[in-house]
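Trainee: Quick one, structure for this:
(7 chains)
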Amino acid sequence: MSENGGNSLARPLDLLNSAKGKMVLIELKNGHSITGKLVAFDVHINVTLENAEEKKDNDTMRKLGNVFVRGDTIILVSPTV
Amino acid sequence: MSENGGNSLARPLDLLNSAKGKMVLIELKNGHSITGKLVAFDVHINVTLENAEEKKDNDTMRKLGNVFVRGDTIILVSPTV
Amino acid sequence: MSENGGNSLARPLDLLNSAKGKMVLIELKNGHSITGKLVAFDVHINVTLENAEEKKDNDTMRKLGNVFVRGDTIILVSPTV
Amino acid sequence: MSENGGNSLARPLDLLNSAKGKMVLIELKNGHSITGKLVAFDVHINVTLENAEEKKDNDTMRKLGNVFVRGDTIILVSPTV
Amino acid sequence: MSENGGNSLARPLDLLNSAKGKMVLIELKNGHSITGKLVAFDVHINVTLENAEEKKDNDTMRKLGNVFVRGDTIILVSPTV
Amino acid sequence: MSENGGNSLARPLDLLNSAKGKMVLIELKNGHSITGKLVAFDVHINVTLENAEEKKDNDTMRKLGNVFVRGDTIILVSPTV
Amino acid sequence: MSENGGNSLARPLDLLNSAKGKMVLIELKNGHSITGKLVAFDVHINVTLENAEEKKDNDTMRKLGNVFVRGDTIILVSPTV
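Mentor: Numbering: from 1, shown residues only, chains lettered A, B, ... in the order given. Okay, here's the model as predicted:
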């Protein structure tokens, strides 16, 4: 049910590392969400995506393509398999 | 009534450490909550969960599975055993 | 009228230290409050409680039991002896 | 008219230091205010009071007694002579 | 028209330094303003005033006398000579 | 479909670096957006643009020309090819 | 079309440096704006202006003259030449 077995991931950033190159869902503090392929992240949780789309209430607001998202605007990042 | 006897936990992060691998409830600053199995956390209270669900007013909004939650969006973390 | 005589407490954290193992009231920035027995705290005012209850307008919303509260969501902590 | 003569107080924290043991009014970012006797403060403007009362629109909401107030929730501190 | 000739003030804090002992207007993030005589400030823009008054929509809400204002609640400080 | 092949960009700031001299869309925390040619950025994501326009709901509010945007007001930066 | 040729400005603060002694428009997080002659700034984007006016919806609210603006309240700074 989970690709991460129990405590095998020692640090939270390990999940982001394992999600590189995969599709992720990002929820933003302004209530919007962004989906796209995770390209890179850093310790501030600044993130870059490609093929990104910004959504509001599950409706696509804007196709962004490549995008840099500032970490302090992010609530959560979840791989969408 | 409590698994932690009085002052036996010297630091707040000890509670999070003892909750690894267990189900937790996380309340977010945006009024939502997330439940899931605690996989990892760091000193910023960045947290990763598995089998996570996002809830609003106790209704499940979205099954997230694996998720990274940024620490500065968290109000509290409580083991739900 | 006060258990702390005048300037005998040199630093604000001394009050939290003297409240360990006692019931405290925590007011949160979101307007809720939490009561419980203070187990631990750190310099960020991250706090852990046991037998905690979350309240809104003096009504108990949720029995939390053990809980970690992130310091930056806290307005005040007051021993309720 | 003022106990502090012009530039005789070199740093803002000097005013808080001179207010130790005296009654102060604290205005909070959530619109409430707290009055009480100033016991201690630190560089983050974390403050402890005794005989504290929390007020809203000049009405006492709650007698707090001893209280720790987190500095980042404070707008101003004023000795009330 | 200006007491500060062009680039003669090299750093923003120089303006605050030259305003010590003079009346200033402080606008706060909560929409209120405070007037008073500037006594001291530090690099966080924590400020102390004497003969201070708090105002809302240009009406005096409260005479504060001596007051410590936490820097992170301040939008601007302007000498009112 | 993407100019950035998978993990070839190791850090989020690499995307901003590759966007220098190109048109970008910046979304701000206040709900406005700014378009313009990216001139420079730093680690705080402070950004300077030229030929910038500020928009609200896709309508141009103001032609800004050269502009410095403070990083902590930015949600995302996306090259608009 | 631009006084800054492409990448000739290496850092965002270079734009502010080149704007010293010129009229600038500052947009604030509270929705107001300030215009005035830029006198000084620092790395926090604390700014001092002279002949400053505070505006709301393009109407002058208050003539400020000399003013210190705290950096963390600023969205953008744009030379208005």
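
Trainee: from here on, contacts and neighbour counts on C-alpha atoms
Mentor: Fine.

Trainee: Name the nearest residue to A:L28, sequence neighbours excluded.
Mentor: A:I74 (4.6 Å; Cα to Cα, 6 or more residues apart in numbering or on different chains).

Trainee: residues in contact with the one you found?
Mentor: A:I74 makes contact with A:I26, A:E27, A:L28, A:K29, A:I45, B:R70, according to Cα atoms under 8 Å, 6 or more residues apart in numbering or on different chains.

Trainee: One more: A:V69?
Mentor: For A:V69, the contact set (Cα under 8 Å, 6+ apart) comprises A:N46, A:V47, A:T48, F:I75, F:L76, F:V77.

Trainee: switch to 10 Å and redo it
Mentor: Taking Cα atoms under 10 Å, 6 or more residues apart in numbering or on different chains, we find A:V69 in contact with A:26, A:28, A:34, A:41, A:45-49, F:12, F:26-27, F:74-78.

Trainee: about what we covered before: now do the residue nearest to A:L28 against B:F68, distance only.
Mentor: In this view, A:I74 and B:F68 are 10 Å apart by Cα to Cα, to the nearest Å.

Trainee: what sits in contact with each of these two?
Mentor: Joint contacts of A:I74 and B:F68 (Cα under 10 Å, 6+ apart) are A:I26.

Trainee: And the pLDDT for the closest residue to chain D within chain A?
Mentor: For chain A, the residue closest to chain D is A:D72, as judged by Cα to the nearest Cα, at 18.1 Å. The pLDDT attached to A:D72 in the predicted structure is 97.

Trainee: And the helix or strand harbouring A:A40, how far out from the chain middle?
Mentor: With secondary structure defined by DSSP states H and E, A:A40 is part of strand A:33-41. Taking the mean of its C-alpha atoms, strand A:33-41 sits 4 Å from the chain's own mean (Cα atoms, centre = their mean, to the nearest Å).

Trainee: ditto for stretch A:22-29
Mentor: Taking the mean of its C-alpha atoms, stretch A:22-29 sits 3 Å from the chain's own mean (Cα atoms, centre = their mean).

Trainee: May I have the strand holding A:A40 exported as CSV, CA atoms only?
Mentor: What follows is strand A:33-41, C-alpha atoms only, in CSV (Å, rounded to 0.1, in the frame of the first residue of the first chain):
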residue,chain,number,x,y,z
SER,A,33,-3.1,23.6,-6.1
ILE,A,34,-0.5,22.9,-8.7
THR,A,35,0.2,19.6,-10.4
GLY,A,36,3.3,18.7,-12.4
LYS,A,37,6.4,16.6,-12.7
LEU,A,38,8.9,17.3,-9.9
VAL,A,39,12.2,18.5,-11.2
ALA,A,40,14.0,19.9,-8.2
PHE,A,41,13.6,21.1,-4.6
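
Trainee: Any part of it near chain B?
Mentor: No - contact of strand A:33-41 with chain B is not found when judged by Cα under 10 Å from any Cα of the partner chain; the minimum separation is 12.4 Å.

Trainee: moving C-terminal of that strand, what's the next helix or strand?
Mentor: Taking DSSP H and E as the definition, the helix or strand that follows strand A:33-41 towards the C-terminus is strand A:47-56.

Trainee: If the closest residue to A:R62 other than its chain neighbours is in a bridge, with which residues?
Mentor: Setting aside the residues directly before and after it, A:R62 is nearest to A:E54 in space (Cα to Cα, 6+ apart), at 5.3 Å. Taking DSSP bridges as the rule, A:E54 bridges to A:I34, A:R62.

Trainee: looking at it, A:E54 is touching F:E27, isn't it?
Mentor: No - A:E54 lies out of contact with F:E27 (Cα atoms under 10 Å); the separation is 11.1 Å.

Trainee: Spell out which residues sit in contact with the residue of chain A found nearest chain C, please.
Mentor: Of all residues in chain A, the one sitting closest to chain C is A:D72 (14.5 Å; Cα to the nearest Cα). The contact partners of A:D72, by Cα under 10 Å, 6+ apart, come to A:28-29, A:44-46, B:70-73, F:72-75.

Trainee: My reading is that A:N17 lies in a helix. Confirm?
Mentor: Yes - the assignment for A:N17, made by DSSP: H, G, I helix; E, B strand; the rest coil, places it in a helix.

Trainee: From the contacts of A:D72, list just the buried residues.
Mentor: Applying 16 or more other Cα atoms under 10 Å in any protein chain shown to these, the neighbour count classes A:L28, A:K29, A:I45, A:N46, B:R70, B:G71, B:D72, B:T73, F:D72, F:T73, F:I74, F:I75 as buried.

Trainee: if we can go back for a sec, the residue of chain A closest to chain C: what secondary structure?
Mentor: The three-state label given to A:D72 by three-state DSSP is helix.

Trainee: quick one: it and B:T73, what's the gap?
Mentor: Counting by Cα to Cα - A:D72 and B:T73 are separated by 9 Å.

Trainee: okay, and the common contacts of the two?
Mentor: Here A:D72 and B:T73 have A:K29 as joint contacts, going by Cα under 10 Å, 6+ apart.

Trainee: roughly how far apart are A:H32 and G:G65?
Mentor: Relative to G:G65, A:H32 is positioned 40 Å away (criterion: Cα to Cα).

Trainee: Ok, A:G65 next?
Mentor: Computed with Cα to Cα, the distance linking A:G65 and G:G65 is 45 Å.

Trainee: where does chain A dip in pLDDT?
Mentor: Along chain A, segments meeting pLDDT under 70 span A:1-9.
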